[in-house]
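>>> Coordinates for the following, if possible.
(one chain, ligands or ions: 2)
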Amino acid sequence: MAPLKKILNVAQIRATDKYTMDNAPIASIDLMEQAALAFVKAFEKHSNASKKIIIVCGVGNNGGDGLAVSRLLRQKGMDVHVMLVKFKETLSADCKINKNRLKEVEELTVTDTVPDFAAYDIIIDALFGSGLNNPVKGFPAAVIAAINKAEKTVFSIDVPSGLPCDAISTSKSIVNNSHVISFQRPKLAFFFPEHRAYIRDWEVVDIGLDEAFIQAQKSNYFLLDESVAKIVKIRAKQSHKGTYGHALLLAGSHGKMGAAVLSTKACLRSGVGLLTTCVPKCGYNILQIAAPEAMCLTDENAHFLTELPTLSNYDVVGAGPGIGKDKLTVKMLQSLLEKSTQPLVLDADAINIISANQKLLALLPKRSVLTPHVKEFDRLVGPSKNTLERHEKQGSFSKKHQCIIVLKDAYTCISSTTGEFYINTSGNQGMATGGSGDALTGVITGLIAQHYDLLNAAIVGVYFHGKAGDKGAEKKGYNALLASDIVENLRIQPYGYTH
Ligand SMILES: NC(=O)C1=CN([C@@H]2O[C@H](COP(=O)(O)OP(=O)(O)OC[C@H]3O[C@@H](n4cnc5c(N)ncnc54)[C@H](O)[C@@H]3O)[C@@H](O)[C@H]2O)[C@@H](O)CC1
Ligand SMILES: [K+]
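Ligands and ions are numbered 1, 2, ... in the order given. Got it, this is the predicted structure:
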């Protein structure tokens with residue numbers, strides 16, 4: 001497995017800070033300065049000297065960062081007002097040093113009236129960072145409420161103040177709608193849909209923490225970012241179509257041939273050697289005209305799939321896009337589960353059929369990839385009260401059935417059979433449109449045909465499917481983006497290669 005970045009919890013972040021300070025070595029005040037410099041470099045891309053900025057600082061090291069950022073922005077000639085919110089008398093050592101390095105700081109104590117922030121264009125939020133130990137209440141909660149009420153452009157240092165880094169928040173006393181500039185790694189909490197209101201966007205800046213130490217930490221959560229390209233196989237000059245496998249797709253029904261076409265085209269764009277798509281009779285002309293590169297098998301039935309074709313020629317079978325749930329299709333799926341010896345990719349109605357006929361679960365072959373969205377997953381295993389509980393169920397399902405689950409959402413989460421989770425960072429809201437999932441099924445199926453192991457096929461497929469959506473959105477914008485644009489923009493490129 002190529003080195004994918006690990007996501008750390010708060011205890012691990014602290015251990016990394018300490019390790020970096022002891023081993024770089026670097027004094028904690030200098031590490032804070034490095035963090036502030038990195039924040040400023042990122043922040044400058046979003047602002048300019050005409051903006052009136054207020055930095056709202058707490059008394060811990062997150063506040064210390066805020067004070068250091070104030071100094072650095074003032075040195076650049078920016079109009080910065082600094083407010084130190086003393087919800088507690090004692091300042092952390094580095095917060096104190098940074099306060100003393102500033103000429104003007106407005107101090108606000110618990111007996112003061114909470115200000116409104118109407119006079120400013122931008123609020124930089126440095127009240128609480130990863131040191132938060134409880135939901136915020138009382139005076140600091142009132143300051144957070146005032147920040148939210150002002151409805152200004154907000155940037156948070158490291159995390160939106162009030163958001164716990166590793167858990168799902170039970171409190172709403174959290175800075176809203178923030179662009180978060182986070183240190184070294186995004187925090188797990190950024191990926192929970194429960195926290196959507198707090199995070200407008202996030203980016204990560206390198207503050208010089210020890211990467212080897214981070215990667216040596218025991219974490220079950222990994223990030224899918226540009227490092228995924230390191231897993232992509234290089235296509236050898238002397239290769240032929242046989243090198244890249246033969247995939248079979250079982251897709252489409254009357255009125256849903258689009259799903260078959262999209263999964264077929266996406267599978268072809270994954271680099272597969274050969275592809276056969278099996279469709280009901282009504283789909284023959286549609287598929288042959290829309291995707292001449294694919295071979296087409298037709299079912300006896302005009303409207304939906306009823307018979308399993310002979311499987312022996314294929315390296316992988318992808319089933320589900322647009323197949324519907326007729327009882328003859330259920331029988332066909334059952335015989336697929338019983339007879340296949342090759343890996344399966346199951347999507348959409350294939351998953352819905354299993355959810356509605358739970359006895360089919362016992363037939364699920366070990367080498368399968370299931371690609372449900374959240375609702376399909378809940379139908380399969382029952383509802384969860386929140387995302388962390390759903391992840392737990394996902395992990396148990398993957399272990400129990402020895403299959404990969406691709407749980408599709410704004411941040412798609414892939415679970416391995418050994419308890420790891422891979423969270424995708426590519427893609428965008430334009431991809432929340434019919435047919436996106438069909439395209440993903442095609443890509444993953446095509447990668448497995450090329451002899452990627454199942455987990456890597458899911459990782460590469462999900463990440464580059466998202467990148468294709470991002471590329472498509474550059475041209476079309478979020479609203480006009482279609483699943484066909486995702487297919488058209490697929491480009492699965494190995495690291496360091498331009499082709
Ligand atoms: N090595 C690192 O990771 C670095 C961390 N830095 C910054 O340090 C931050 C963490 O700093 P700290 O650990 O000092 O913690 P914070 O600055 O997040 O907050 C801690 C302070 O808030 C208080 N507090 C916590 N929860 C509270 C609650 N619910 N209500 C009222 N008071 C509460 C604590 O008693 C403490 O005084 C990071 O988020 C980051 O911004 C940077 O200085 C750079 C280096
Ligand atoms: K903050």
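
>>> what sits against the closest residue to Gly472 other than its chain neighbours?
Residue nearest to Gly472 in three dimensions, not counting chain neighbours: Asp485, with 3.5 Å by C-beta to C-beta, 6 or more residues apart in numbering. Yep, even glycine has a C-beta here, placed from its N, CA and C like the rest. The contact partners of Asp485, taken as C-beta atoms under 8 Å, 6 or more residues apart in numbering, are 468-469, 472, 475-476.

>>> Output these in TSV; the columns should cover secondary structure and pLDDT.
Shown next, in TSV, are the contacts of Asp485 (DSSP: H, G, I helix; E, B strand; the rest coil; pLDDT from 0 to 100):
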residue	secondary structure	pLDDT
Ala468	helix	98
Gly469	helix	98
Gly472	helix	98
Lys475	helix	97
Lys476	helix	98
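
>>> Not counting sequence-adjacent ones, nearest residue to Leu447?
Across the structure, with C-beta to C-beta, 6+ apart as the measure, the residue nearest Leu447 apart from its sequence neighbours is Ala457 (3.9 Å).

>>> Counting neighbours, what do you get for that neighbour?
27 (other C-beta atoms under 10 Å).

>>> residues in contact with it?
369, 444, 447-448.

>>> Now, of the contacts of Asp485, which are buried?
Under a neighbour-count criterion of 16 or more other C-beta atoms under 10 Å, the subset of these counted as buried comprises 468-469, 472.

>>> any idea which of those residues is closest to ligand 2?
Proximity of those to ligand 2, judged by C-beta to the ion, is greatest for Gly469, which lies at 30.0 Å.

>>> Excluding sequence neighbours, find me the nearest residue to that closest one.
Met431 (4.1 Å).

>>> contacting residues for that neighbour?
Contacts of Met431 were listed using C-beta under 8 Å, 6+ apart, and they are 466, 469, 481, 486.

>>> Considering those residues, which possesses the most neighbours?
Note: the member of the contacts of Met431 with the most neighbours is Ile486, at 33 neighbours, neighbours being other C-beta under 10 Å.

>>> Surely that residue and Ala468 touch.
Yes. Here Ile486 reaches Ala468: they are 4.7 Å apart, a contact under C-beta atoms under 8 Å.

>>> Spit out the residues that contact the two alike.
Here Ile486 and Ala468 have Ala439 as joint contacts, going by C-beta under 8 Å, 6+ apart.

>>> From Gly271, how far out is the residue nearest to Leu447?
Using C-beta to C-beta, to the nearest Å, one gets 12 Å for the distance from Ala457 to Gly271.

>>> any common contacting residues for those two?
Among the neighbours of Ala457, those also in contact with Gly271 (C-beta under 8 Å, 6+ apart) are Leu447.

>>> show me where pLDDT drops low in the protein?
Where the chain drops to pLDDT under 70, the residues are 1-2.

>>> Tell me the residues of it that contact ligand 1?
Of all the residues in the chain, those in contact range of ligand 1 (C-beta under 6 Å from any ligand atom) are 13, 17, 31-32, 35, 58-65, 87-88, 92, 128-134, 136, 140, 157-158, 183, 207.

>>> Quick one: buried ones out of these?
Buried members of the residues of the chain next to ligand 1, counted by 16+ other C-beta under 10 Å: 13, 17, 31-32, 35, 58-65, 87, 92, 128-132, 136, 140, 157-158, 183, 207.

>>> How is the chain divided into domains?
The record's domain parsing of the chain by automatic domain parsing lists 10-217, 228-488.

>>> Of those domains, which is nearest Pro3?
Of all those, it is domain 10-217 that lies closest to Pro3, at 6.2 Å by C-beta to C-beta.

>>> mind checking how far the closest one is from the chain centre?
Its chain's C-alpha centre and that of domain 10-217 lie 23 Å apart, by C-alpha atoms, centre = their mean, to the nearest Å.

>>> ditto for stretch 357-366
Between the mean C-alpha position of stretch 357-366 and that of its chain there is a distance of 28 Å (C-alpha atoms, centre = their mean).

>>> in the host helix or strand of Ile353, what counts as buried?
Mapping Ile353 onto the secondary structure by DSSP states H and E places it in helix 348-356. Within helix 348-356, the residues that qualify as buried by neighbour count (16+ other C-beta under 10 Å) are 348-355.

>>> which of the residues you listed lies closest to ligand 2?
For the buried residues of helix 348-356, with ligand 2 as the reference and C-beta to the ion as the criterion, the closest is Ile351, at 39.7 Å.

>>> Of the buried ones among the contacts of Asp485, which are in range of ligand 2?
Counting by C-beta under 5 Å from the ion, nothing from the buried ones among the contacts of Asp485 sits close to ligand 2.

>>> okay, the domains of the chain, which one's buried deepest?
Per-residue neighbour counts averaged over each of the domains of the chain give the maximum for domain 228-488, namely a mean of 21 (mean count of other C-beta atoms under 10 Å).

>>> which SS state does Val175 fall under?
Under the three-state scheme (DSSP: H, G, I helix; E, B strand; the rest coil), Val175 adopts coil.

>>> pretty sure it is touching Asp158, no?
No. Checked against C-beta under 8 Å, the pair Val175 and Asp158 is beyond contact range at 11.6 Å.

>>> leaving aside the residues next to it on the chain, what's closest to Tyr314?
If you skip the residues right next to it in sequence, Tyr314 has Leu248 as its closest partner in space, 4.1 Å away by C-beta to C-beta, 6+ apart.

>>> Next up, the contacts around the residue of the stretch 151-300 of the chain found nearest ligand 1.
Taking C-beta to the nearest ligand atom as the measure, the point where the stretch 151-300 of the chain comes nearest ligand 1 is Asp158, at 3.8 Å. Residues touching Asp158, when contacts are defined by C-beta under 8 Å, 6+ apart, comprise 62, 65, 129-130, 180-183.

>>> can you check Leu163 too?
For Leu163, the contacting residues are 132, 169, 174-175, 187, 189, 195, 198, taking C-beta under 8 Å, 6+ apart as the criterion.

>>> That one: helix or strand, and which one exactly?
Leu163 is located outside every helix and strand, with elements delineated by DSSP H and E.

>>> What distance do you get for the nearest residue to it once chain neighbours are set aside to Asp125?
On the basis of C-beta to C-beta, 6+ apart, the spatially nearest residue to Leu163 that is not a chain neighbour turns out to be Ile174, at 5.0 Å. The gap separating Ile174 from Asp125 is 10 Å, by C-beta to C-beta.

>>> which residues are in contact with both of those two?
Jointly contacting Ile174 and Asp125 under the rule C-beta under 8 Å, 6+ apart are 160-161.

>>> Which strands and helices lie in contact with whichever strand or helix holds Gln215?
Under the assignment given by DSSP H and E, the secondary-structure element containing Gln215 is helix 211-216. Using 3 or more C-beta pairs under 8 Å, 6 or more residues apart in numbering; DSSP states H and E as the contact criterion, the secondary-structure elements in contact with helix 211-216 are helix 10-23.

>>> Give me the next element, helix or strand, following the helix it packs on.
Towards the C-terminus, the helix or strand next in line after helix 10-23, according to DSSP H and E, is helix 28-44.
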